[in-house]
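Trainee: Okay, sequence plus prediction incoming.
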Amino acid sequence: MAASVSSPALLGIGDNVVDFYRDRGEFFPGGNAVNVPVLARRYGLARAGYIGLIGNDAEGAHVRDSLTREGIWIDRLRQAIGPNGKAVVSLDDKGDRVFLGSNKGGIQRALALRMDAEDIEAIESFGNVHTSVFSYIEPELPKIRAHAQTLTFDFSTHRDPAYIASVAPHITGAFLSGSGLADNDIDDLIGYVAGFGVATVGVTRGSDGAFWLADGRRYRQGIKPADVVDTLGAGDSFLAGYLTGILTDRPIEAALDFAAECAAATCSYFGAFGYPHPAGG
């Protein structure tokens, strides 16, 4: 049984992976739908949970162990026979992540999550739900939205208008990568997504900061100074910081500023939230 709704809470549903750093010979737990609730709890959110599907391998076991150690509610975590999601990454000389390949979600993509009565109970209990384009959960979005107070969705770089049109009517917040887009293109993108009734639309563009629409008003947020070791997870940290700020009643400007601080801090260590595990160990 999920915890009762008595304090700000966030439930991630969908993707998890391990990020395998080939040059370091170790992997770290990750995935947008995992990173956001884990980091939100670190940033001060009272409760955080995760519903997803892990493999029956060392990678899946490490994801479960890491979530347990972080105090994340995982009563509805599934495990299946097959490989956990895995992404292979390396770092360039600036500390920026370079993705070299993946197993496309592993067993999670093969089976796909479907919400049952106990999942719906958890959604209603936590109230606020976050998921992503990598979760293969689009068919379940209407059901999730019907039982959630808020439903946020990370599109990453998936900016195809038809795909956005299929997802946006079912969510309350949309977050996208603006990599390679000019300012006016980002403004147009925000306007397009908001046209489907999405109340909050955020676009991040690396060192150029974030472009934001919330409650009908536009915002710009710059980056904070950082001792960059590894940028992997910085975008998820920004989102987790923003959601934590909003869910704990900070003004939008303060939530965005806090989000930038969170993203900068994440750049100072390896992995999205730590927990290195030796590959093959």
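Mentor: Looks like it came in fine.
Trainee: Which residue is the nearest non-sequential neighbour of the residue nearest the centre of the chain?
Mentor: Closest to where the C-alpha atoms of the chain average out (C-alpha atoms, centre = their mean) is Asn32, at 2.9 Å. Distance criterion C-beta to C-beta, 6 or more residues apart in numbering; nearest residue to Asn32, sequence neighbours excluded, is Ser132 at 4.0 Å. In short, each C-beta sits where N, CA and C put it, glycine included.
Trainee: Next one: the one you found from Ala165, what distance?
Mentor: 17 Å (C-beta to C-beta, to the nearest Å).
Trainee: ok, the two, which is more surrounded?
Mentor: Higher neighbour count among Ser132 and Ala165: Ser132, with 26 against 13, using other C-beta atoms under 10 Å.
Trainee: For the helix or strand Gly52 falls within, the averaged confidence score.
Mentor: Following DSSP states H and E, one finds Gly52 within strand 47-55. Across strand 47-55, the average pLDDT comes to 98.
Trainee: Restricting to C-alpha, output it in PDB.
Mentor: Provided in PDB are the C-alpha atoms of strand 47-55 (Å, rounded to 0.1, in the frame of the first residue of the first chain):
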ATOM      1  CA  ARG A  47       8.600  11.500  -0.400                       C
ATOM      2  CA  ALA A  48       9.600  10.000  -3.700                       C
ATOM      3  CA  GLY A  49       8.800   6.700  -5.400                       C
ATOM      4  CA  TYR A  50       9.500   4.800  -8.500                       C
ATOM      5  CA  ILE A  51       7.500   2.300 -10.600                       C
ATOM      6  CA  GLY A  52       9.500   0.500 -13.300                       C
ATOM      7  CA  LEU A  53      10.900  -2.700 -14.700                       C
ATOM      8  CA  ILE A  54      14.400  -4.100 -14.000                       C
ATOM      9  CA  GLY A  55      16.200  -7.100 -15.400                       C
END
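Trainee: for the helix or strand that it is followed by, packing partners?
Mentor: Next helix or strand after strand 47-55 toward the C-terminus (DSSP H and E): helix 58-69. Using 3 or more C-beta pairs under 8 Å, 6 or more residues apart in numbering; DSSP states H and E, the elements in contact with helix 58-69 are strand 17-21, strand 26-30, helix 32-42, strand 47-55.
Trainee: Next, the angle strand 47-55 makes with the longest one.
Mentor: Orientation check (axes from the mean of the first three to the mean of the last three C-alpha atoms, to 10 degrees): helix 32-42 against strand 47-55 gives 150 degrees.
Trainee: go on, the first one?
Mentor: Relative orientation of strand 17-21 versus strand 47-55 (the same axes, to 10 degrees): 70 degrees.
Trainee: so where's the stretch 51-200 of the chain uncertain?
Mentor: For the stretch 51-200 of the chain, the stretches with pLDDT under 70 are 94-95.
Trainee: List the contacts of Leu239.
Mentor: Taking C-beta atoms under 8 Å, 6 or more residues apart in numbering, we find Leu239 in contact with 36, 130, 152, 154, 175, 202, 259.
Trainee: Kindly recompute the last result at 10 Å.
Mentor: For Leu239, the contact set (C-beta atoms under 10 Å, 6 or more residues apart in numbering) comprises 32, 35-36, 39-40, 130, 132, 152, 154, 173, 175, 202, 204, 210, 259, 262-263.
Trainee: so of those, which ones are in helices?
Mentor: Applying DSSP state H to the contacts of Leu239, the entries found in helices are 32, 35-36, 39-40, 259, 262-263.
Trainee: quick one: which of the residues you listed is nearest to Gly12?
Mentor: Val36 (5.6 Å; C-beta to C-beta).
Trainee: Wasn't Arg159 part of a helix?
Mentor: No: according to DSSP: H, G, I helix; E, B strand; the rest coil, Arg159 belongs to no helix; its state is coil.
Trainee: Please verify my assumption that it contacts Gly178.
Mentor: Yes: look at Arg159 against Gly178 with C-beta atoms under 10 Å: they come within range, at 8.7 Å.
Trainee: tell me, what's touching these two both at once?
Mentor: What both Arg159 and Gly178 touch, as defined by C-beta under 10 Å, 6+ apart, is the set 185, 189, 203.
Trainee: filter those residues to the buried ones?
Mentor: Listed as buried from the shared contacts of Arg159 and Gly178 are 189, 203; burial here means 16 or more other C-beta atoms under 10 Å.
Trainee: need the shared contacts of Arg159 and Gly178 in TSV with distance to Arg47, can you?
Mentor: Below are the shared contacts of Arg159 and Gly178 laid out as TSV (distance: C-beta to C-beta, whole Å):
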residue	distance to Arg47
Asp185	38
Leu189	33
Val203	28
